[in-house]
Structures are given as structure tokens and as C-alpha cells.
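Undergrad: generate a structure from the sequence data that follows.
(2 chains)
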Amino acid sequence: MSLMELKDVTKRFPGVVALRNMSLEIKPGEIHGLIGENGAGKSTLIKVLTGVYTPEEGTLIMEGKEVSFKNPREAAAHGIACVYQELNIVRLLSVTDNIFINKALKKKNSPLLEYEKMHEMAHEVMLSLGQNIDVKKECGSYGMGIQQMVEIAKAVLIDAKLIIMDEPTSSLGEKEVAQLMKTVRSLKEKGISILFVSHKLEELFELCDRVTVMRDGEHILTKDISEMDNDSLISAMVGRTLDNQYPKIETTRGKEALRVEHLNSTGLLKDVSFHANYGEILGFAGLVGAGRTETFRAIFGADGHDSGNIYINEKPATIKTPKDAIRQGIAFLTEDRKGQGLVLTQSVRTNLILSSMKKCKKGLFLDEKHIDQLTGDNVDGLKIKISDSKEAVGQLSGGNQQKVVIGKWINTNADIYIFDEPTRGIDVGAKVEVYNIMNNLIKAGKCVIMISSELPEIIGMSDRVIIMREGKIMGELSRDSDLLNQETIMKAAWGGAIQ
Amino acid sequence: MKTKKMKDIVSKAAPLLALILLFMILSVATDKFLTMNNMMNILRQTAVNGLISAAMLVVLITAGIDLSVGANAILCACVMGMLKNSLGITNPFILILACIITGLCVGFLNGLLLTKMHLPHPFVSTLGMKNVLCGLALLVVSTKTISDFPAGVTFLGSSNLFKSLDGFSGIPLCFVVLLLIYGVYHFFLNKTALGRMIYCVGGNPEAARLSGINSDNVLIFVYSLSGFMCAIAGLVIVGRSAVANPSAAISPYDTDAIAACIIGGASFMGGKGTIWGTLIGALMISTIRNGLTLLNTSSSVQYIVIGMVIIAAVFIDVTRSRMEAKARRLAAK
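TA: Numbering: from 1, shown residues only, chains lettered A, B, ... in the order given. Below is the predicted model of the structure:
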């Protein structure tokens, strides 16, 4: 008997059918992968399972009985929990408080809380998840990996039979991912089923028993993962064969664009030196927290640094603020698109000129005609899908939002483009488009620096790769080197020598 | 798409519809309401709140607040009173200049407190500033109410255009000036780079900073502009009442202004709000006050009604944001 079965579930929203006759079957104690491009209906499916949405048609059958959830509480009562991509953690409260947030234990005949017992239980459940931590400390003082474990602990404590994990690894470093996988396997051994939603195919192959592919709100296939490979999964997802996920092109390397010497920042960066040339993509690999983002935030003037020299076009450059950096031809696409890249409430056209507003003036006023033309060029050139350039950028999908950020930087006419995790959280099709944009930039003789935590992407797109660990540069690999492979990079990122 | 546009129009026109409805109700309730002179009265009563609302609006767009607006306006008036009484200055040009410089300085200081001293939220710093300014207003005129300002100073607040002998009270100059200022505001907020930056800094200050916008300077400008508008309001107050009364500094100018902005579509979350919406909001508040006075209700009832309107406006604001967030979530599916 299956733990949870969806039969012909349809969910409509005004103007769209988010789920169309969707079916899904999850067996007890299995790790079930769920993949699909952005907009395929994964989020809606999750929300149907957790009772956030009630489907118009179709049935949910749990352990042989038909069920219907009116709200998330009812779903939780049936043992369904979800660890969302955006964690529901109150950072200022302790780990214990977070774990017991909606079911705090009270002392007998007293309104006071039974803290001793709760701490004990919290510690126990965290320990069972492989985390020996002080549960009395603020949750926010721990990293993302542990915060996620706190969410899983909540699920374990309500005796969840099915835990849904929505892109659980997207904000974790390699070590944390490894720990998460261990935990997921141990949950499986306890008989808990996991629905594992991910954009990363390697993880699915490593972890899952079976996989379901969705496209346009419909069920495409469910198979044992052993029957599938990379190409067959991707083609099932996109409905076409992607013969090359990484459209790397050959360019001639130009002059030196950026050189950094002995960059230091207390506690973050130690003697970072490197250079980047025009006409090449320089990849930055390393674990999350290795100092890659910090390096470029310092170079860009977003954060201060203690010492070090920066040269642009072989001339010393002084950069104190992002404004200085932009003036000297640097563009910085931040990893946090929504928090640092875009003004979500403002229109697409305003966001596109966010960094170049001063250039779009005619006399006192903004030159709307020029902006129209610029917006049109960006929309065509970057293939941004919008119905109206006046719509708020927050309405767009992740991939389109990312293209707006790229457009914003292209409009500054920068020469050096720093892309920090440019394909995070966007679907496969949009990823390829972002790669092509990078290709066009280097073809035009620009310099592109790409920070990425996805090794295949680093290897697939970079001309040279620099590996960082704990604020230091561990080494450099060139595209034509035999050593440029995932194993070498991972070893260096973990502190080993490149050999 | 069509329904979305319709909804958009309805949500934008809602305050205007509410205002028209209010007019209709009051016209029926009392025949003293819908007369030419009473309409002019409402415009006259809108001017001060309208100016202070314009001061509040830019600040609200940046997700901030300026609670010192009313006290600032009164201080500006009292500074003119001090110059006139203590130093015997009667040159209107000097008095008006002093008034504007005072307002600007206070606004600039508010901006510095927020950006350079990193005070967490302007609610706290401008609340402190409000008290300081109340005290200063009393101090500079030794708690006396100053009267007998030169005509050059009171002109703006007291003149009427097209006044006729057959009883028409004329169009208040202060409201005409308010409209002119609002027109400039409209172009400033919508058509200039700085105006657009104000919305962006309000919507996401970090993204604005990383996009090369000097958020600090934008904020300092915004609070200075707020102070400038307060100074103009102070000038109109002196003209309207013919006196500078330091104890008026604690009048609820700030909350009236917030209410006008919120009714007009601004939000405490920042990034939103238009000057024409604010005009409707300001008109609404003075219409309610005017109507209640004509209906002979006591001032206590007026306070209660205005208070409820403010609560309703904030409620509408949060409901609107919730609906928009929901629409965004649905659209992002």
C-alpha cells in the first residue's frame, strides 16, 4: 500500500491550470525525487500535499483512505511536514523555542513552560539528526545547514510520515549537503518517506529511489532512478533533448582587466591575489563561506577591506563604494537576486536602469524614449519574457528576474562582469540562456568572473578556475589542464593540494 | 489581463470615489455644505495639511516616517515671530528666508540622524526631534503668541483670488500654491532620476546601494525636502491664523499628514504613493472636519471620527499589501 497517492488532481488559478490531472504515488519509506522546470507546478503540488491549497478535482489517498486537507494544520495532523526553501526560523529565538514553536510543553497545572524537558527533547532530536549543538543558543547564530535541521526536527517531533523538502540544498555548502543526505537516509531507515524536490540532478541520483518528472502541471513519468540518466531526465523535463548543457565557446584571451594583490580583510580574506583577463570566463569555486562572495564584495566596494591593491586595466584603482566600482566599469550580479539585485515593487524598466539612471537623463527629466529603446533592446537581446515593461519585476519568474539584473548591468556598459551564483534557483532552459549571455559578453571582449557552487557549471563554462577555501586562494586550474575535474576541485576546496 | 487593469483602476480610484461619496452624503446632510464659499473653505483648510502631507509623502516612500513635521512647521513660524519681536526685523524677505532655512536645517538634521548616526528607524529619531522642536518653538518666543506679522509674510496664507463683492470669498492663494507645488512634485517624483531613485531606495535600499545609488544622500535629500515643505506650511499657518502660536506645535499635524498619505495609497512599507493620491487624502480629512463642524458636532466627536479614519486607512493599507503579495504569489506560479 502506498503512503500517499494523488489521483487526477487538478488545481486552477485565474488564467492558468497549475496542475492538470496530476498523479503521484509515494511508497512508505522511500526517497522520492520530484523535478521539473520552474513553473512546472512543483510548488503547487507541494501546497496541495500540505493543505495550503485544496484542489478542484482529484483525490488524495493516504494509507488507503481518502483524505482532504482544508489547511496546513490538518495535513500536519496526518503526518505531512514540509521544509520549505525559505526556512520558517525565528532567528532570535533559541533552537528549542523554534522546535517547539507551536507545541510548547507546559508544566502541570501551570501556565509556565517546561523548559528543562523541552531542551532535553530538542537536544535529543537534534542529536538523532547528527547535530550535537547547544539548543539554548539563538537559532540565527547557527548556519543555514543547522537551521534546516531545526526545521527537520520539527517534522520529526510531530511524527511525520512524509517530509517534503523543497530545494533543501540550494543554500547549503558541500559539507552541509553531505550531512543533509546522511540525515535524509537515516529518516528513510526510520520508515519516513521523503519527497525531495531539487534542481540538482546529481543529488537525485545519489539519494533517491524513484523520481517523478513534471512539466506544465502534468505528470510526465515516474521511474526508478537507476533506469534514468542525466540526459533522459533533462529531456523529460524540458520536452526536448539538450545535447549540450554548457554551450562553451572558444575566444581569444585579451589583456588583463582586473588584478587584485594581497587583499586582506580580518576574519574573512587572507592575502587574496589573482587576475582576470578580457575575453575569458574566470570561475571561482569553493564551499559556501570560502570567501568568494566576500572577495568580490570587497573589490566592488560593497564592504570595506583592510589592505590590498586593485588594478583595473593595469592601473591602480580606488574603490570605496559600489558607485566608484560602477564608474570604473565593474558590474556585480549579487547572489541574492531579490534582496540585493532588484527593487521588486518597481517596474521592469525602472530596474533595468537602476544602475545607469544618470545616463538616461535629458535635461532635468528622464529620457523616456531612450529608456523605451534600452528596455526594448534588453528584452530582445536577453530574451526577457514580459507582457509590459511597466509590470513590477516581482511578478516575473526567477529566470526572467535574473535576466533583468543582467540587463541592469549591461546598461552600465561595464567591462568587467562579476556573476555571483548567476543560475541559482532558475530552471534549466533559463540557465542555458544565462550561459549564452556570458558567452556573448566574452565574445564582445568583456571580462566575466563567475562564482558558482555548482561544479559542473564551473567546469563547463570557465576558461580558468580559481579555488578558494577559508578566505584563501588554494590554486588555479586552466581549462586545458587534465586536472580540471570535480574531484580535484573538491579536494582543493577541502584543503588538499592540487596535484 | 483586462480584469487586472480594471482592478488596478478601481484600487487607484477608490479614494476618489470615497471622497465623492463623502461629498454626496454631506450635501444631503446639511445644505450649508455644498456652497461655493464652503468649498473654498475646505480648500483653505486643506492647504496646511496638504503641504505637510507632501513633506510626509517623500519620507513614507523611502519606508521612513517624519513625526517632527508639525513641530517643524510651528518652529518655522515661531522663528519668524522671534526675529520680528526680539530683533525688530519686519522685512518679509528676511523673515521668509529664515523660516525656510529653519525648516531645511531641521530636515537635514533628521536625514543626518538617520544615515550618518545609524539610528535604527526614523520613528524614534523624529519623535525625539518633535519634542526638541516643540520645546524650541516655546523657547524662541518665550511661550508668547506673536501677532502683527507684515503683510508680505501673511500674504501666502491669507490672500484670496477673484474675490468679489457679491459674497464670493475667492479662491485661496495657499491652495493654488499647493496645487502648483503638487504639480512640481508630480514631475519630480515621476520624471526625474532622483524621483525614481527615491522609490527605489524605499523599495530596496540595499539593492539601490549595490546599484551605485548613494542611498544616504537620497535619504538626506528626502528629509531636507520634508523640512522645506514644513517651512512653507509654517508660512501658510502664520498667514491663515495671523499669529505664531508655539503651543500649536503639539497639534496632530503629523498624524493628519500620515492619514492623508495612506488614504492616498502610500504605504509604511515604502516604495509606493503618489502626490495626487495624497491630495485626495488631504481633501478627505478637511472635508470630514468641515462637514462635522457644519453638523455642529463637538470637537470630541471630530477627534474620534478622524482617529477611526486613520485606523481604517492603515487597515486598508495592510489589506492592500496582503492582496498584492497574494497576487504576486499567484502570478509567480
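Undergrad: in stretch A:83-93, what's buried?
TA: Buried residues in stretch A:83-93, defined by neighbour count with 16 or more other Cβ atoms under 10 Å in any protein chain shown: A:83-85, A:87, A:89. C-beta: built from backbone N, CA, C; applies to glycine.
Undergrad: which residues touch it?
TA: Residues from elsewhere that reach stretch A:83-93 (Cβ atoms under 8 Å, 6 or more residues apart in numbering or on different chains): A:97-98, A:101, A:138-140, A:144, A:147-148, A:150-152, A:155, A:163-168, A:170-171.
Undergrad: what about A:Asp8, which helix or strand?
TA: strand A:4-13 (DSSP states H and E).
Undergrad: same question for A:Ile371.
TA: A:Ile371 belongs to helix A:368-381, assigned by DSSP H and E.
Undergrad: tell me the buried residues in that helix?
TA: The neighbour-count criterion (16+ other Cβ under 10 Å) identifies A:371, A:374-375, A:378-379 as the buried residues of helix A:368-381.
Undergrad: quick check: mean pLDDT across that helix?
TA: Per-region confidence: helix A:368-381 scores 92 on mean pLDDT.
Undergrad: same thing with stretch B:302-316?
TA: 82.
Undergrad: what about the closest residue to A:Asn21 other than its chain neighbours, neighbour count?
TA: Nearest residue to A:Asn21, sequence neighbours excluded (Cβ to Cβ, 6 or more residues apart in numbering or on different chains): A:Asp8, at 4.7 Å. Using other Cβ atoms under 10 Å in any protein chain shown, A:Asp8 has 14 neighbouring residues.
Undergrad: A:Asp8: what's it in contact with?
TA: Under the criterion of Cβ under 8 Å, 6+ apart, the neighbours of A:Asp8 are A:21-23, A:57-59.
Undergrad: how much space between it and A:Met22?
TA: Using Cβ to Cβ, to the nearest Å, we find A:Asp8 at a distance of 7 Å from A:Met22.
Undergrad: then A:Lys42?
TA: 10 Å.
Undergrad: next: A:Lys103.
TA: Counting by Cβ to Cβ, the gap from A:Lys103 to A:Met22 is 32 Å.
Undergrad: what about the two, which has more around it?
TA: Remark: of A:Lys103 and A:Met22, A:Met22 carries more neighbours, 23 against 10, as counted by other Cβ under 10 Å.
Undergrad: and the more buried one, what are its phi and psi?
TA: phi -70, psi 140 (degrees, to the nearest 10).
Undergrad: beta-bridge partners for it, please?
TA: A:Val9 (DSSP bridges).
Undergrad: tell me if I'm right that it and A:Leu6 touch.
TA: Yes. Counting by Cβ atoms under 8 Å, A:Met22 touches A:Leu6, with 6.1 Å between them.
Undergrad: need the overlap of contacts for those two.
TA: With Cβ under 8 Å, 6+ apart, A:Met22 and A:Leu6 have common neighbours A:45, A:58.
Undergrad: so which residue is smack in the middle of chain B?
TA: B:Ser53 (1.4 Å; Cα atoms, centre = their mean).
Undergrad: so who does it touch?
TA: B:256-257, B:260-261, B:264, B:278, B:281-282.
Undergrad: low-confidence regions, the chain specifically.
TA: Picked chain A for this. For chain A, applying pLDDT under 70 flags the ranges A:14-16, A:38-39, A:238-244.
Undergrad: my bad, chain B
TA: If you take pLDDT under 70 as the line, chain B has these spans: B:1-12, B:328-333.
Undergrad: chain B: strands as residue ranges?
TA: B:160-161, B:171-172 (DSSP state E).
Undergrad: remind me, longest helix of chain B?
TA: helix B:299-331 (DSSP state H).
Undergrad: would you mark the buried spots in it?
TA: B:306, B:309-310, B:313-314, B:316-317, B:320, B:324, B:327, B:331.
Undergrad: is A:Asp427 in contact with A:Glu37, as I believe?
TA: Yes. With contact defined as Cβ under 8 Å, A:Asp427 counts as touching A:Glu37 (3.8 Å).
Undergrad: quick check: neighbours shared by those two?
TA: If you check A:Asp427 and A:Glu37 against Cβ under 8 Å, 6+ apart, no residue is contacted by both.
Undergrad: who has more neighbours out of these two?
TA: A count of neighbours by other Cβ under 10 Å puts A:Glu37 above the other of A:Asp427 and A:Glu37, at 24 against 20.
Undergrad: okay, B:Ile181 and chain A: tell me how far apart.
TA: Going from B:Ile181 to chain A by Cβ to the nearest Cβ, to the nearest Å gives 17 Å.
Undergrad: quick check: closest non-adjacent residue to that residue.
TA: B:Ala54 (6.5 Å).
Undergrad: ok, the one you found - contacts?
TA: By Cβ under 8 Å, 6+ apart, the neighbours of B:Ala54 are B:181-182, B:185, B:229, B:275, B:278.
Undergrad: can I get those residues in JSON lines with neighbour count?
TA: Formatted as JSON lines, the contacts of B:Ala54 follow (neighbours: other Cβ atoms under 10 Å in any protein chain shown):
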{"residue": "B:Ile181", "neighbour count": "17"}
{"residue": "B:Tyr182", "neighbour count": "19"}
{"residue": "B:Tyr185", "neighbour count": "21"}
{"residue": "B:Met229", "neighbour count": "29"}
{"residue": "B:Ile275", "neighbour count": "24"}
{"residue": "B:Thr278", "neighbour count": "28"}
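Undergrad: ok, the residue of the stretch 101-250 of chain A found nearest chain B - how many residues close by?
TA: Nearest residue of the stretch 101-250 of chain A to chain B (Cβ to the nearest Cβ) works out as A:Gly217 at 9.3 Å. Residues lying near A:Gly217 (other Cβ under 10 Å) number 24.
Undergrad: next one: the one 10 residues further on
TA: Using other Cβ under 10 Å, the number of residues around A:Glu227 comes to 10.
Undergrad: and for A:Ala276?
TA: Neighbour tally, A:Ala276, other Cβ under 10 Å: 21.
Undergrad: between A:Lys42 and A:Met22, what contacts are shared?
TA: A:Met214.
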